[in-house]
Every structure is written in C-alpha cells, then in structure tokens.
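Trainee: Please find the sequence and the predicted model below.
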Amino acid sequence: MAAGKIRSTRKLRSWLIEQVNSGKYNGLLWDNPEKTMFRIPWKHAGKQDFRTDEDGAIFKAWAEFKGKLGESDPASWKTRLRCALNKSPEFREVTERSQLDISEPYKVYMLVPLSEQGVAEVKKEHAEKTVRRSKRRRSETEKSEETPVKIFKEEETAAQQIMFNEIQLDVMIETAPHFGDNKGNFLIISNIFSPSFKVTVYYVGKEVLQRDVLGDDVRIAYVPPSPSPPSLNGCTFPRIPLPPPPEHFDSAGSQAISTLLPYMEKGVVLTCSGRGIYAKRFCQGRVFWRGPQMAGSNKLDRAPVPTLIFSKERFKQELEDFRAGGNLPQSEITLCYGEELADGDDLSKKCIIIKIAFPWATKQIQDVQSLQNSLSVLQSLAQQNPSKEITLNLVSLPV
C-alpha cells in the first residue's frame, strides 16, 4: 500500500464496535473507560478446553457477516478476522496489554484515530530512505578518505534500523586496542572472527546446547517440525533452535519442558547495537531475565520497543573502575523461559535457562586482568631489587 493512502475498512470497524457494545460475546469487551481499546478472546482452537460456541463465537460471526462461513473450522474463522485486523490501518494491536499465557487468553486492539492512520507506512518509507542515504554517504566517504580505519560491516540491517531507530558501525582499528579515543568516546573493538554472543541452554540444570554467534543478531526459539523461517520486519535472523528434552531425562522434567517448548515458538531476538544489547520477546510464553546491570528479576514484555538488557556505556565505566582497583565487571545475562525468576531461585530447578555471554566483553575484562597481573609481577620484581627499581628493554617486533 502506498504511503499516505488509507485502506477503507469501515465495515469491520463499525461491525466490531457494534459487537463489543452488544455484550453477547464472552470475553469481547472494552479495555478502557474511553472505549478506544477492546479485548477479544484469543484461545487456541486446538486446546482441549476450547469452546466453539463461546471462544470461537466472534470469529464465526465475522465469517458469517462476510458470507465466508461455508464448511470452515474455528481456526479458519479466527485466521480470517486476525488477517482483517492486522491489515486494517484502523486497528493496532496493543501487545503490552494482551494476555496470552493465562487460562482465558485475550488480545487487546486499539481503535486508531483517523488522523493517525497511514502514519506507519510513511514512517517506514522515511526510515528506508534514511538507510539508503546513509549507505550512499558511507560509500562516498570510503572512497575519499585514506585512514587506517576499516569499516567491515554494518552493525544493524535495514530492518533493524526501522526497529531500533539507529544505525551503528562496528570498526576495527589497525593500532593497539584501547578503551577510548582522544575525545573521550568509548570504543568497542571487535573483529569479524569474534562472536557477538555465546549462548548456553540448560534444561533442569543440565547443559543441552552451546553455540557461538558471529553475527549481531540471533533468535533463540523453539522450532517445531517443518517450520517456516521466522522473520521480523521482512528480515530473517540467525536462530538457535531449542532442542527437545534428551532421552535420559526423567519423565516429569521431560514432560514439563515439552509442555513449555511450543509456547516458545517465536522466541526472543537479541541484537548487538552501538548502545548495547537489546532483547525483544515474540513468543507467547513468559520470559524473565536478570543481569549484572539491573537489580532483581525482570519480565521481558512483548512491547513494541525492545529492552536494553546490557549497556555498553555502563560496562565501560565498570571496566574503568576495575582498572582502578574496583570490582570485577560481570557481563552474563540469564533468561528463564516459561517461569518466573526471583532472586535466590535455584537455576538448576528451572525447566529452561539460557545464559548469554558476550565474548567481546569477556576479552576486554581478561585484557585488563592480564595487564594487572603483569604490573603485579613488575612490582614484585622491583621489591626484590635493593634499589626498588627495574629496567625494561623494549624491542620492536616486525609487523
């Protein structure tokens, strides 16, 4: 659809408002006093407790209104209304208010004011033009400047530019690595062979998978048999599939994990950007996380805006404090799929735990430790010398 052109779906809007006001459909009701948002029941048609006459009533009514009832089943009715809602500029899903992991799940949709309809398409086109201009300028800069800095890849794809509203460049400097430039800006030095993420998956305390990810994005999700490639904004991410429970697992643990996995089908997407590590939850199942830079346990909501779970700026400060004699920085993030994660919980009792380390951060911590160890050796040698001094002969090595 061209930017600025609004698709007319007044029949759906007026029909749905009428149905919500009627009060005759179980679970279909207004979600706020202003009556600008409404709840719609969203129970999976394959569940044993699914009631066609109640849980599928509103979907059947829409199919009947459109003259498409035929011999279709409840799942087809639901798909028809879902597609109509998603395609219409007059409705917008409010994911942070939806509840899909409860006994009577529902989605929340907002009635989009006429003045705001079509804005999303305009914003998307503007973002795409911004990306194209940035690429063109970068290409011209690379041709005109002769510097020792080599740009080897974009840190985010065009799809992520729309999602995160920023473009960052990862650089490799052909000099000794350091933690800041002459303007005081913090630089993360990485190279194309260094992984961005180290992901380890545990089932009930037992490691079942470990994977290094070279790219800046990864989706950690359950992949059902014969899956279609998961995508986000038209971009397919590298993914780590959660494995089925090993055969040697006890029946209770295996059953619990097998029950959780289908709710993790769309998983969590992690993105490494210039500011830090962002996470965005797409699966229906709940996900809790904790890390060194955020106190307590935190729920990862299905919000439109991704969550910053690790700040590079804060890590820089912790690293500088460590160099000055402070505490050892920590950089590991823990995700708990399907269960709440409270302080003091025994991780070995949780069904699905995912630990995420950042090799580039670990390497910088190790470099500082090596430097400190070297200084300790020199100080020890100096103490052994009566003059309390030592002499170092520096030798240039061939490049």
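Mentor: Sure thing, it's come through.

Trainee: Name the surrounding residues that touch stretch 332-352.
Mentor: 201-205, 220, 242, 253, 256-257, 260-261, 263-264, 268, 277, 279, 283, 285-292, 296-297, 300, 309-310, 353-357 (C-beta atoms under 8 Å, 6 or more residues apart in numbering). C-beta here means a position set from N, CA and C on the backbone, and glycine is covered the same way.

Trainee: nope, stretch 314-326 is what I was after
Mentor: Outside stretch 314-326, the residues touching it (C-beta under 8 Å, 6+ apart) are 179, 186, 276, 293, 327-329, 331, 361, 364-365, 368, 371-372.

Trainee: ok, Glu64 - how many residues close by?
Mentor: Per other C-beta atoms under 10 Å, the neighbour tally for Glu64 reads 12.

Trainee: Likewise for Gln293?
Mentor: Neighbours of Gln293 under the rule other C-beta under 10 Å: 17.

Trainee: likewise Lys355?
Mentor: So Lys355, with other C-beta under 10 Å, has 16 neighbours.

Trainee: Not counting sequence-adjacent ones, nearest residue to it?
Mentor: Spatial nearest neighbour of Lys355, excluding adjacent residues (C-beta to C-beta, 6 or more residues apart in numbering): Thr200 at 4.8 Å.

Trainee: still on that earlier bit, I'd like to know which of the contacts of stretch 332-352 are part of strands.
Mentor: Cross-referencing the contacts of stretch 332-352 against strands under DSSP state E gives 201-203, 220, 242, 268, 277, 279, 287-291, 296-297, 309-310, 353-357.

Trainee: The closest residue to Leu260 other than its chain neighbours and Ile102: what is the separation?
Mentor: Nearest non-adjacent residue to Leu260, counting by C-beta to C-beta, 6+ apart: Gly338, 4.0 Å away. Distance of Gly338 to Ile102, computed by C-beta to C-beta, to the nearest Å: 13 Å.

Trainee: so which strand or helix has Lys198?
Mentor: Take DSSP states H and E as the rule and Lys198 turns out to sit in strand 197-203.

Trainee: which parts of that strand are buried?
Mentor: Of all the residues in strand 197-203, those buried under the rule 16 or more other C-beta atoms under 10 Å are 197-199, 201-203.

Trainee: And for stretch 52-64?
Mentor: Neighbour counts over stretch 52-64 (16+ other C-beta under 10 Å) mark 55-63 as buried.

Trainee: Could I get the full set of helices for the stretch 151-300 of the chain?
Mentor: Assigned by DSSP state H, counting those that start in this stretch, the stretch 151-300 of the chain shows helices spanning 158-164, 251-260.

Trainee: Give the PyMOL command for selecting the buried subset of the ones in strands among the contacts of stretch 332-352.
Mentor: Entered in PyMOL, the line below selects the buried ones among the ones in strands among the contacts of stretch 332-352, by 16+ other C-beta under 10 Å:
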select buried, resi 201+202+203+220+242+268+277+279+287+288+289+290+291+297+309+310+353+354+355+356+357
